[in-house]
Every structure is written in C-alpha cells, then in structure tokens.
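Student: What shape does this take:
(2 chains)
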Amino acid sequence: MTDQVLLEIKDLHASVEGKEILHGVSLQVRSGEVHAVMGPNGSGKSTLAQVLAGHPAYTVTGGSVRYDGKDLLELDPEERAREGVFLAFQYPVSIRGITNSYFLRSAVNAIRKHKGQPELDPLDFLQVLEDKLKAIGWDDSLMNRAVNEGFSGGEKKRNEILQLAVLEPRLAILDETDSGLDIDALKTVAEAVNQLRSPERSFVVVTHYQRLLNYIVPDYVHVLAEGRIVKSGGKELALTLEEKGYDWVRPEGAAVS
Amino acid sequence: MTSIEAHVLQPYKYGFVTDIESESVPPGLSEDVIRLISAKKGEPEWMLEWRLKAYRHWLTLKEPTWANVKYGPIDYQAISYYAAPKQRPKVESLDQVDPKLLETFEKLGIPIAEQKRLAGVAVDAVFDSVSVATTFRAELAKFGVIFCPISEAIREHPDLVRQYLGTVVPTNDNYFAALNSAVFTDGSFAFIPKGVRCPLELSTYFRINASSTGQFERTLIIAEEGSHVSYLEGCSAPTRDENQLHAAVVELVALDNAQIKYSTIQNWYPGDEEGKGGIYNFVTKRGACRGRNSKISWTQVETGSAITWKYPGCLLQGDGSIGEFYSVAVTNHRQQADTGTKMIHIGKNTKSTIVSKGISAGHGQNTYRGLVKIMKGAEGARNYSQCDSMLIGSECGAHTFPYIDVRNSSAIMEHEASTSKIGEDQIFYCKQRGLSAEDAVSMIVNGFCKEVFKELPMEFAVEAQNLLGISLEGSVG
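Tutor: Here you go, the predicted structure:
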C-alpha cells in the first residue's frame, strides 16, 4: 500500500431521469486499497459505480472526481477504461457472434494503443490469456463462446473477473459481483479477485451482503444510505451491519423501507 | 437513444459522377425503342422477337403493390432505356478502354487494366447499358469457361443463350421481369462446362453513371454436370436527387452435381437522410437446381438502394438438390427493403437453408418475406429458416412475413426468429472495456451477421464487413 491517492470523490451529486440519487458522496481511495461500499437496496451503490464508469444515463449535478490526477468526469467512458478504470457489471450484456477471446483482444488492444504500446496479434494474445488464466487458476472454457451469450449467472460474473484479470486496471469497481452466486461460485470469484490484489491496484467493492467480504477482506467499509455515506470504518463494520442491519445506520428521520 | 442514432450519418462514398460523353436514347418506352436497343446490340431477329413479346405482355400487367414499401408512381416514359459511353472502339486489349472508364472502376476498387487487375477474380465491368471490359477471358477459355457480356453471348453463343434464357425466370414471370426482358441492355453470361471447377471467381460490377436512365441488367449462368462456380456481383451509382430504376433479372441453371455460389454486395446509392433520391432496386433472381444433387447458394449483403424488392430463390427440381439463402439487409435513414427468398421443393430429398439478418436504423424499414413451398412429390424435403432482426434506434421498423406451403407430409420444417435492439447498455459495456462507439457498433453488427459473412468468398468478406461499418456509421454514439 502506498500513500498515493488514486481516487478522490468529493461531494458527488448525480441524478438519473431528473431524480437525484447521490446527494453528496465523498470517498478517498489510495493505491492498493480495497474499499467496500455497502448499503440497502436503492441507496445509490450501483449509481455510484455507474457514475464512476461514465454511464450516459446518469448526470453528475455537482461535486468532483479526481482519478490519478485527472478530472475523471471530463473523460468519456472509453477513455476512463483506457486509463485503467474497470467496472465489473452487475448485469453484463451479451454480444452474439463475437467470441469472448476476440472481444477481450479488441479491448486489450484499444488500451494498448492508448498507452502507445504495439497491439497484440491473436497468437501473442493467446499467450497473455493463458498466463492470466493460470494466475487465477481458471481454464479457457469461456473464451471461445460468444460474449456472455447463454452464460449462467455464475459464468457471467466469472467472465467479468476474467476480463478484469486480462485488462489489468488500476481501479476495479465490482458492482454486486456476489449477487446470484452460490457459495462455491462466490468463493471461486473471490479467490480470483484476491489473486488480483496488488499495491498498484485499488478495488471498490459494491455489495449488499457482508458474506462477500468474508472472502474479499476490505481495508475500509463505507455505508451508503439515501445517497450519502453515513458511516465509514474498518472491516469489522461489515460484521456489525450483518448483525444489526442497515436501520442501525440509517440517517436521522429517514423512512424505514 | 438519440445519441445512438446520431451516429449513422456517413456520406455515401461512391456518389461521384464520371464526366464522360455518352449517347443515350431519348426517354420513353415503345416498340421502336426496343428495336433500337436490339439494333445497337447487333442482335439476331429471334432476340428482338423475344423482347417484343415480353414488352407486349408487360403492357397488360400492373405494377405490383403487395410489397411493404412506399414510393411514388414511376413514370416509365420518363426513363431513358439505353445509355453508353460514346464512340466505344472495338477494343483489342483492356488497356485500350477509355482511361476515364478504367479510372472509374479503379476508384470503385475494381481495377480492370491488365497490370492492375485483381488476382484470382475475373471481372466483367458494366457501365450504364454496356459492358466495357471483361478480364481474364483468355485464361478462362483454356478451361472451356465462357465469361462475357450477355450481349456478346447472344451474338457468339446463340444456341446456349436460346436454350436457357427465360427458362428460369420466364418473360411473363412478373411486372419487372417482363420489363427487363423487353429492354435489358447488358449483364454477364457465364458457362461452366461439364466437370470443370472454375479456376477463378467470376465477378460483375454494375455502375450506373448517366442520369435519367434505368439500368436493366440480365445475367445468365449455366453450370453443366459436375461443374463448380463462384460468382460475385457488386454495384454502385452517383448521388442524385432523382430516383433511378434498376430492374435486373438473374437466372442460374445447375445441372447434375453442379454447384453455383452467387454472392451480391449491393451498394446502390441509398438516397439522402431525408429519403431524396436513391435507386429503386427491383430485381428478380432465381436459380434452377435442375440436376440431381445440384446446389445453388445465394448470399447477399444489401446495404444500398432507396428501395429493395428482391427475392433470390431456388427451384429444387433435381432429387437431392440443395438451395441456400444467406442475407444481410441494412436499411438506414429512409431506406426500405422488402427482401427474402423463395425455396420451391419439387424433387425428392431436397434441402433448403434460409438465414436472414435484417438491420434497421434511422427511419429504415426492413421486411423479410420468404416462401418455402414443398410440392406433393417432394418426399423427404427439409427446410431450416432463421430470421433475425436488429433495431438501432426507435424510429425504424422490422417486419417478417414467412409463408410456408407444405403439400407433402414427410417434410421437416424448422423456423426460428428473433428481434434484438442495440442499446445504450450494449454500447456502454463495450466502451467500458475501452472500445470506441464505432468499434462497438461494428463489432455488435458483425457478430449479428457472422453466419452470413462466413458464406462470402474470402476476398469479399472483409469488404462486406467494412461496407456494413460505413453504412451504419453514425447510427450509434
């Protein structure tokens, strides 16, 4: 872990279809740290993830986000990706007729091109892919299938983590990666994520449940409720939440849903 | 969805006009005009009679209105039925062709001059109403393959032409086929003799250049017993405010164990964003699998034309014969396409496969219309049909009219259909992995069309993918 601040979110306000969802979120993530963002349904967790990735449906209405010394909000989604921001989607889309390996190679090459590195030909890429798969202990069974086409829920989530492994982002945002996974799949995914932790890579892990955090142990836990971070603490905060529920940290006067 | 739609606005790349002196007959259609065309082509009397018979029948017909397309009335008397570059000398070598014409085809990516011609592809280049050059003729002749303009075949190989012309698409088949039979000017003729595997891809490129004209091309391909041929046609036209009519007839005949693969990359001028101008592409294409175990395969990539009306089909007459239709049709802006196929199973154990991919963007309307007919004697017939539609934006439309007529209970029919939409989420997903919007659309669309593209001759598969990218550029943001 270094002291370098990779991501600095200050008083972030964001809305979708004219309705404000984030009412001033602030968060600081240093290189190598793992931050968990927890919260009840509708608290704005996924909105935060989507806004950081630049989804066009969300409008930022106030605040700032600095990433690696740059104004993140100024960058197009593809520029953010090329600069090392990766979002593991809660609901990955499928692309018919395009193999996972072709898709990933195109992505790798778009990023390499951005960095001024030579593009990888299919053979070079295959080698990179093999190394990455070996590192996280997975086989290549997903690679020659069309992107997420006909994948089970677990396969889709695994595929997101596989992409994370290959694209080597500096900031990985996991949006409810645990949702819909049984305990074995959850372990497989979490183990791969742990393999990918490094002093140069930060994670923002968005989740509703504490159980993921048994496997991906965070450095910090933040509770998001009604579009604001209402509590922050160490990993033990997650356990307290598990025990006491989210009502315990709900902002004053908020309705219980 | 507006940011997605904002992307399709790429100007048509082949809209230039070649400044060349041309002679054309004055607008209007009459027996005299037909006599004039026939005389210009130096045709024998039987051909003129054939044309006149078609014309007299055409006069009794009404323009069809059943297609799911809308356009104003066509004034057939306002069209010039013949236009050709002036003073075309009797060329001994391709290098003697007017440099302006060579330049035109080179600009279109179809170099025909000796030293530049495409390796492995023999090209017949048709400019308005005449064929201006055909490459590799001598080389093909060594194998007994005849590849020449149809106007020349009528003069030089009258017996072959008479034996087959109009036997697959009769002159009275439909309104536009009758019109074409009366006034057709040029097109290609290919004859592959018994047992010969044609050593080159055969290709025809049709270019409309003159204004106020129609192009009426006629193509006839005959594959004798056990022969194989792969043929590809391409086309384009200048950007103009007027609508120009292109009414072609293509006939294919495959005898015992013969195989014909016919691919089309159709890129006629599609009209502007508001739907002004563009080609009316009203085409009758049909192949007869006359022989046992013969096979005809149609592959089409339709990206151009203001209106497309086209149903390349197969008459599966020979026992064990196979018909295939693979199609990608794109309609953007105000383009309309009503296209599909007809598979008529007549012989026993005949098989057909239909894979149709329709892509609609802007205000484009895309209709798949297909007929699979199993005749009484077609014991053991099989058909597999798949119709997929993709929508880009919310103003476009996709329509599917599959007709199935089964008269033999042993038939096995399968039909699958799907409709999907390129959405912001799909684009965003690709962008989040570092891809640009253009690359994302191109990837999604190419993936959607993959099953069709893999049927194209390799030389043209890349061209088709690029063309599709251009046609849809600007449709997604």
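Student: so who does B:Phe282 touch?
Tutor: By CB atoms under 8 Å, 6 or more residues apart in numbering or on different chains, the contact set of B:Phe282 is B:Phe176, B:Leu245, B:His246, B:Ala247, B:Ile307, B:Trp309, B:Lys310. In short, each C-beta sits where N, CA and C put it, glycine included.
Student: And the residue of chain A found nearest chain B, which helix or strand is it part of?
Tutor: Going by CB to the nearest CB, chain B is nearest to A:Gly97 of chain A, at 3.1 Å. Using DSSP states H and E, A:Gly97 falls within strand A:95-99.
Student: Closest one of the contacts of B:Phe282 to chain A?
Tutor: Distances from chain A to those, taken as CB to the nearest CB, are shortest for B:Lys310 (24.2 Å).
Student: now the strands: where do they sit in the stretch 101-250 of chain B?
Tutor: For the stretch 101-250 of chain B, applying DSSP state E, counting those that start in this stretch gives strands covering B:121-127, B:130-134, B:146-149, B:188-192, B:201-207, B:218-223, B:228-236, B:243-246, B:249-254.
Student: Give the partner strands of the third one in its sheet and their orientations.
Tutor: What it means is strand B:146-149. strand B:188-192 (antiparallel) (DSSP bridges).
Student: for the first one, same thing?
Tutor: Within its sheet, strand B:121-127 is paired with strand B:130-134 (antiparallel), strand B:201-207 (parallel), according to DSSP bridges.
Student: Tell me how many other residues crowd residue 102.
Tutor: Chain wasn't specified; assuming chain A. By other CB atoms under 10 Å in any protein chain shown, the residues close to A:Tyr102 number 20.
Student: um, chain B though
Tutor: Neighbourhood size, B:Leu102 [other CB under 10 Å]: 21.
Student: Reformat the strands of the stretch 101-250 of chain B as TSV; add mean pLDDT, distance to B:Leu48 and mean neighbour count.
Tutor: Listed next are the strands of the stretch 101-250 of chain B as TSV, based on pLDDT from 0 to 100; distance: least, CB to CB, whole Å; neighbours: other CB atoms under 10 Å in any protein chain shown:
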stretch	mean pLDDT	distance to B:Leu48	mean neighbour count
strand B:121-127	88	21	25
strand B:130-134	86	18	23
strand B:146-149	96	18	23
strand B:188-192	97	18	27
strand B:201-207	90	24	24
strand B:218-223	98	15	25
strand B:228-236	92	27	23
strand B:243-246	92	22	22
strand B:249-254	98	17	27
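Student: hmm, back to that, now the residue lying closest to the residue of chain A closest to chain B once chain neighbours are set aside: phi and psi?
Tutor: Excluding the flanking residues, the one nearest A:Gly97 by CB to CB, 6 or more residues apart in numbering or on different chains is B:Gly447, at 3.1 Å. Phi and psi for B:Gly447, reported as degrees, to the nearest 10, are phi -60, psi -40.
Student: Surely B:Gly447 is in contact with A:Ala146?
Tutor: Yes: in this structure, B:Gly447 is within contact of A:Ala146 by CB atoms under 8 Å, at 7.0 Å.
Student: what touches both of the two?
Tutor: Joint contacts of B:Gly447 and A:Ala146 (CB under 8 Å, 6+ apart) are A:Ile95, A:Arg96, A:Gly97, A:Ile98.
Student: Which secondary structure state does the residue nearest the centre of chain A sit in?
Tutor: Nearest to the mean C-alpha position of chain A, counting by CA atoms, centre = their mean, stands A:Ile173 at 1.6 Å. At A:Ile173, secondary structure determined by DSSP: H, G, I helix; E, B strand; the rest coil is strand.
Student: List the residues that contact it.
Tutor: Counted by CB under 8 Å, 6+ apart, A:Ile173 has contacts A:Ala49, A:Leu52, A:Ala53, A:Val85, A:Phe86, A:Leu87, A:Ala88, A:Phe203, A:Val204, A:Val206.
Student: follow-up on the earlier one: what's around the residue nearest to A:Gly97, how many residues?
Tutor: There are 21 residues near B:Gly447, going by other CB under 10 Å.
Student: How about A:Leu7?
Tutor: Counted with other CB under 10 Å, A:Leu7 comes out at 23.
Student: For chain A, what is the nearest residue in chain B?
Tutor: For chain B, CB to the nearest CB, closest residue to chain A: B:Gly447, 3.1 Å.
Student: Now do the phi/psi pair for the residue of chain B most remote from its centre.
Tutor: In chain B, the greatest distance from the average C-alpha position (CA atoms, centre = their mean) is reached by B:Gln432, at 39.1 Å. Backbone geometry at B:Gln432, expressed as degrees, to the nearest 10, gives phi -60, psi -20.
Student: That one is in contact with A:Gln50, isn't it?
Tutor: No: between B:Gln432 and A:Gln50 there is no contact under CB under 8 Å: 9.7 Å.
Student: joint contacts of these two?
Tutor: Common neighbours of B:Gln432 and A:Gln50 (CB under 8 Å, 6+ apart) are A:Leu87.
Student: Excluding chain neighbours, what is closest to the residue nearest the centre of chain B?
Tutor: Central residue of chain B (CA atoms, centre = their mean): B:Thr264, 5.0 Å from the mean position. Distances taken as CB to CB, 6+ apart place B:Gln300 nearest to B:Thr264, at 4.3 Å, with adjacent residues excluded.
Student: Would you mind naming the helix or strand containing the one you found?
Tutor: Using DSSP H and E, B:Gln300 falls within strand B:295-302.
Student: Show residues contacting that strand.
Tutor: Against strand B:295-302 from outside (CB under 8 Å, 6+ apart): B:252, B:254, B:258-266, B:285, B:287-289, B:308, B:310, B:312, B:314, B:321-330, B:337, B:339, B:341, B:452-453, B:455-456, B:464, B:467-468.
Student: again, 7 Å this time
Tutor: Around strand B:295-302, the neighbours that count as contacts under CB atoms under 7 Å, 6 or more residues apart in numbering or on different chains are B:252, B:254, B:259-266, B:287, B:289, B:308, B:312, B:314, B:321-330, B:337, B:339, B:341, B:452, B:455-456, B:464, B:467.
Student: Next: stretch B:404-417.
Tutor: B:371-376, B:378-387, B:400, B:402.
Student: rewinding a little: show only the entries of the contacts of strand B:295-302 found in strands.
Tutor: B:252, B:254, B:259-266, B:287, B:289, B:308, B:314, B:322-330, B:337, B:339, B:341 (DSSP state E).
Student: Mind giving me the packing neighbours of the helix or strand bottoming out on mean pLDDT in chain A?
Tutor: When each helix and strand of chain A is scored by mean pLDDT, DSSP states H and E, helix A:236-244 comes last, with a mean of 87. Applying 3 or more CB pairs under 7 Å, 6 or more residues apart in numbering or on different chains; DSSP states H and E, one finds that helix A:236-244 makes contact with strand A:34-38, strand A:220-225.
Student: Could you look up the SS state of A:Ala135?
Tutor: helix.
Student: And for B:Gly28?
Tutor: Secondary structure, three-state DSSP: B:Gly28 is coil.
Student: My guess is it contacts B:Gln77. True?
Tutor: Yes: counting by CB atoms under 7 Å, B:Gln77 is a contact partner of B:Gly28 at 5.0 Å.
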